[in-house]
Each structure stands twice: as C-alpha cells, then as structure tokens.
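A.B. asks: I'd like to go over a predicted model; first the sequence, then the structure.
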Amino acid sequence: MLTLQEIMETVNMVQEENLDIRTITMGISLWDCTDTNPRIAAQKIYDKICRLAGSLVQTGENIEREYGLPIVNKRIAVTPIALVAGSSMADNFNDFAITLDRAAAAVGVNFIGGFSALVHKGFTKADHKLIDSIPEALASTTRVCSSVNVATTKAGINMDAVYKMGQAIKKTAEATAENDGLGCAKLVVFANVPEDNPFMAGAFHGIGEPECVINVGVSGPGVVKKAVETVGDGDFGILAETIKKTAFKITRMGELVGRTAAGKLGVPFGIVDLSLAPTPTIGDSVAEILEAMGLECCGTHGTTAALALLNDAVKKGGSMASSYVGGLSGSFIPVSEDTGMIKAVEAGALTLDKLEAMTCVCSVGLDMIAVPGDTTAETIAAIIADEAAIGMINKKTTAVRIIPAINKHVGDYVEYGGLLGRAPVIPVKPFSSASFIRRGGRIPAPISSLTN
Amino acid sequence: MLTKTTTKNGEGNRIIVTVIGPDKVGIIATVAQVLADNKINILDISQTILQEFLVMVMVADMDKSTGDMAAIKDKLAARGREIGVRIDAQHEDVFNFMHRI
C-alpha cells in the first residue's frame, strides 16, 4: 500500500514543481513514400503521416487526463527528408517542407522534425538541395524543424558542411528577420546525432528505426531543484544520491506514459529520453538547480563541475527507471528557455565561452543563443566547428542552435514567447576565423587510443 | 458470505483522490458525494494534518463508474474550489510506477 507521504510527494511534483512529460513524439518512417514525381511523393508523405498520427494528439490528451500528468507536446519525427526526397526530380525541397507543415497542422501537432540531412562524411546531391532549401523552408512553414549532422566520432568533421551550415543559419536569420530570426530556433547543427531523439528541434526518425515508434521526453528541472534544496549543506555523495533518486521517479512517469501511449496507439515503444529540459516558467530552470547546489550565479567557477555531477546523476537514476533509454538524455542548457540562464547572462556570469565549456559535460550544446546580427557566416561556422570538435573527440552528441539577431547588438533581446522564451544578444569574438573555415575538406576522425 | 467483486478491489482501475486545504466541516462528505454520484466505490481513506493543512487521500474503485475520468476530475476540482480546498484525482498507476519497483 502506498503511504500518504509518497502520494503527496507525487501530487506536489505535479502541482508545485512543474513535473511534466515534455513530449510524446511519434517517429514515422517515410522510406515507402519516395517517388520520381515530387507531387506524388508529397501526397504519399501527407497521407502516411495523417494515417499513423491521426489519433496521436487525442491519445496524448486522454492519457494526460487519466494520469493527471501534463503532457506538454505531442510531436512527429520523420525520416530525414534528404533521403526521401532524393529520388524525386525536384530541384528544391521547399515543397516537401510545406507538405510536412500541412500534415502537422492536419493532425494537430505543434512541431514536426526531420527536414534533415546526414552529411558527416560528405554530401549527396539531395543533401545539397536540402541544405540549400532550409532558409526558404523555415521561413515558409511554422511547424517544420530542421537538423543537419555534420560530424561523427567515426567519420570526423565535414568542414564543407560546417561552412555551408554557417551560411544557411545566416540566410535563415535573414529570411525570418521580422520574427527575430525564429527560423534559426528550428534549425540544429549536430555532431554524433542520436536517431531516436524525441526533443525538437533536432528530432528525426533515424535510418535504423522501425516503421513507426513512440519516444517520450520527460522533464522536471523544478522537481530536481526542490530535491537539491532539501539536501542543505550535505556533501556531494548525498547530493548525487538525491538527484539520482529524483531522476528515477521522474523517468518512471515517462516510462508509464510512453508504454501506455504506445499500447493505445498500437505502435512499438521506443525510448525514454531522460533529459532535464527547462522552460521559461519560474522554477523550471536548470541554472537554478546549479545555483541551489551552492553557486552564487550560474556561469561562475564551479559551474562545469556542478553540471557534470547533475548530468551524470540524472543518467544514473533515469537509466534504472526505464527499460530503454535513448535520445539526448542529459541536461539541456538552452539560454532563451531558462530564466536562470538569462539572468546569468545579464549578470555577466555566463558567456559563450563558459557555455561551450559546459557543453563538454552535458547533453547537446550551444542552444538557443542569440548573437549580434552582423556575425559573419564564417564565425558562425567556426562556432559550429568548435562544438563539433568537442563532440567528435569526447564521443558525445553536441549541437549548435544559434540565432544571429538581424539588426540587433549586444544587450538587445530576441523575443519568441512560449516555450522558446527570450534571449539577450551576447558577444562573439571580434577576430576572424574566415581563412580557417574556407580551407574546406574534412577534419579526419580522431585516434581512439592515447587518450590523454 | 460476501459476494466476490469481478476484480480484486478494482485493482488496475483505481484512482487516488487527494485533498489539500484548511480543515473544515464537510470535506469528506463533498468528495464522497461526487464519487457516489458517479458510482465510484471508496476503498480507503486516510488523512493527516501537515503544516496546518488537512491532507486527505482516498483510494477509490472506478470499475462500475458511470462518468469518465476527465469529467470526474473537473467536478471534484470545482467542488473543491467552492469549499476552499484543492481536490485532484489521478489513476493509481502513477503512484505505483513512481514509488514501487
């Protein structure tokens, strides 16, 4: 029998500490939707998404009511469009993005991921077309998310792709300038991208995935923060243990919701992604967890160590709670989506350099960071190259989701509202990386011995 | 001899109703009335005072329920607002999954 304390703990997590299931994401394979005629391919894509995901939102809402757990987003990830659209004779893949947007609207999901290409070793013709289509695609749709993998530990870094993405980000910012470069909030450049990530904007349905699958992303920075506060001045062993236990409980909710949703939809259950994903809601912040550990302000000395402890404890607790863990699983540090991170930037404690260091020990990377609008494509590419190098060498996923704020300068803000929040424009280095970036070619894959 | 129910105390179809708020006359009666109106059988009630607030937990069997979960939750929440306490209901699985391996 459950005790009163246990029941109240769960109730408090939901009512006071913002425990929620961040997303139920249905992965859908589009391999059977190829056609030389792009119109026919688009129709097949639309029909398949509507057929498989037709009851996704309703099912999610039913589970939400039954269990009393908020499920914030219901989303879709599809096979990278470069692979599906490649066999069509289309010169530009924008129509495929519009098709995805229409399908997402028809089934009622807020985001659909998979306008993607995997180019870590090199480009196909279709990859080139896809990347060239990104700025227009993100400007002419509202729900489509795009991601490009430019590096892996086994293949090295495709520096041509890095440069091309620097240019694509710049063009996307310009194409969506009137919305503060909103397109860039839906565009992620990855190294070592996971193929089962349920979180946007980087979700797509990988090539080793089944026909259709349900992946779940849990969250709960507020719950972890409360737990950390109860530790008081306990030592690091107690701190890590407390976070592990909390992560276990949070992840169990993901497991329950994922299995229930998969069962109701008649689709296999994929993974639980046990990421701590902050939202702009007060108290739902990863930065505040680090501060609750004893740092005066996130970004100060000790932040990387605190984040490393947090990230590892979350993984340990979470992996005990679910049979299948995957995706990005760790701690997210998006600046615009986390009130504590925004405050830390405003206070001058958190800089681009510190954020880069933090990405060495947590999941993902430089996320939702606004930089001045006059930042060059080469500088953006160099920022991507740095992150890709961290991912490649450390055998981990890293990513860059950066927003050049057109006509804005350091100290200005980009404002999106909702889950994407707002971000202060932060400075980049004034020195050029152009000659380095323009070399082209690939950075070779690293040696896996002599690990120093 | 008692007649056997179809499932053991409605296992697999139980909800947990929680009430938090200042103690007053009629809280249990209010919750019980909503549950009775929907043919939901109360299996267990426990309560305590935590930080000057009444905390009450009720385990109930939805097996023969005439209403759906969403409607019952809304009704409970609305009646709770009328008497100045917070009432919520969640499926029992949520608690078992979180606290029991």
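C.D. replies: Noted; the coordinates are in hand. Numbering: from 1, shown residues only, chains lettered A, B, ... in the order given.
A.B. asks: you'd agree A:Ile81 is up against A:Leu100?
C.D. replies: Yes - the pair A:Ile81 and A:Leu100 qualifies as a contact (C-beta atoms under 8 Å) at a distance of 7.5 Å. Just so you know, the C-beta spots here come from the backbone N, C-alpha and C atoms, and that holds for glycine as well.
A.B. asks: Could you tell me which residues touch both of those two?
C.D. replies: A:Gly114, A:Phe115 (C-beta atoms under 8 Å, 6 or more residues apart in numbering or on different chains).
A.B. asks: What residue spans form the domains of chain A?
C.D. replies: Following the assignment in automatic domain parsing, chain A carries domains at A:22-191, A:217-440.
A.B. asks: Those domains into a markdown table, with extra columns for mean neighbour count?
C.D. replies: Converted to a markdown table, those look like this (neighbours: other C-beta atoms under 10 Å in any protein chain shown):
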| stretch | mean neighbour count |
| --- | --- |
| domain A:22-191 | 22 |
| domain A:217-440 | 21 |
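A.B. asks: Minimum distance to B:Thr66: which of those has it?
C.D. replies: domain A:22-191 (16.4 Å; C-beta to C-beta).
A.B. asks: model confidence over the closest one, on average?
C.D. replies: The pLDDT scores in domain A:22-191 average 95.
A.B. asks: Strands of chain B, start to end?
C.D. replies: B:14-21, B:41-50, B:53-61, B:86-91 (DSSP state E).
A.B. asks: can I get those strands in TSV with distance to chain A, mean pLDDT and mean neighbour count?
C.D. replies: Output for the strands of chain B, formatted as TSV (distance: least, C-beta to the nearest C-beta, whole Å; pLDDT from 0 to 100; neighbours: other C-beta atoms under 10 Å in any protein chain shown):
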stretch	distance to chain A	mean pLDDT	mean neighbour count
strand B:14-21	5	91	22
strand B:41-50	6	89	13
strand B:53-61	5	91	20
strand B:86-91	3	90	21
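A.B. asks: of all the domains of chain A, which lies closest to A:Met1?
C.D. replies: Going by C-beta to C-beta, the one of these nearest A:Met1 is domain A:217-440, 18.1 Å.
A.B. asks: Is chain B within reach of the closest one?
C.D. replies: Yes - judged by C-beta under 8 Å from any C-beta of the partner chain, domain A:217-440 comes into contact with chain B at A:Lys249, A:Arg252, A:Met253, A:Glu255, A:Leu256.
A.B. asks: ok, A:Asp101 to A:Ala185 distance?
C.D. replies: 16 Å (C-beta to C-beta, to the nearest Å).
A.B. asks: for the chain, which helix is longest?
C.D. replies: Chain wasn't specified; assuming chain A. Determined from DSSP state H, the single longest helix within chain A is helix A:236-265.
A.B. asks: wait, chain B
C.D. replies: helix B:69-83.
A.B. asks: Name the residues that touch it?
C.D. replies: So helix B:69-83 is contacted by A:65-66, A:68, B:15, B:17, B:19, B:21, B:24, B:26-27, B:30-31, B:33-35, B:38, B:40, B:62, B:65, B:67, B:86-89, B:91 (C-beta under 8 Å, 6+ apart).
A.B. asks: ok, 7 Å please
C.D. replies: With C-beta atoms under 7 Å, 6 or more residues apart in numbering or on different chains as the test, helix B:69-83 has contacts from A:65-66, B:17, B:24, B:26-27, B:30-31, B:34, B:38, B:86-89.
A.B. asks: Ok, stretch A:411-430 next?
C.D. replies: A:180-182, A:185, A:279-280, A:335-337, A:342, A:345-346, A:351-352, A:368-372, A:375, A:379, A:403, A:405, A:408-410.
A.B. asks: next one: the host helix or strand of A:Leu138 to chain centre, how far?
C.D. replies: Of the helices and strands defined by DSSP states H and E, A:Leu138 is found in helix A:125-140. Centroid displacement of helix A:125-140 relative to its chain, using C-alpha atoms, centre = their mean, to the nearest Å, is 20 Å.
A.B. asks: so after that helix, what's the next helix or strand?
C.D. replies: By DSSP H and E, the next helix or strand past helix A:125-140 is strand A:144-152.
A.B. asks: Which secondary structure element is home to A:Glu378?
C.D. replies: Using DSSP H and E, A:Glu378 falls within helix A:377-394.
A.B. asks: quick revisit: which of the contacts of stretch A:411-430 fall in helices?
C.D. replies: Using DSSP H, the contacts of stretch A:411-430 in helices are A:Ile342, A:Val345, A:Glu346, A:Leu352, A:Thr379.
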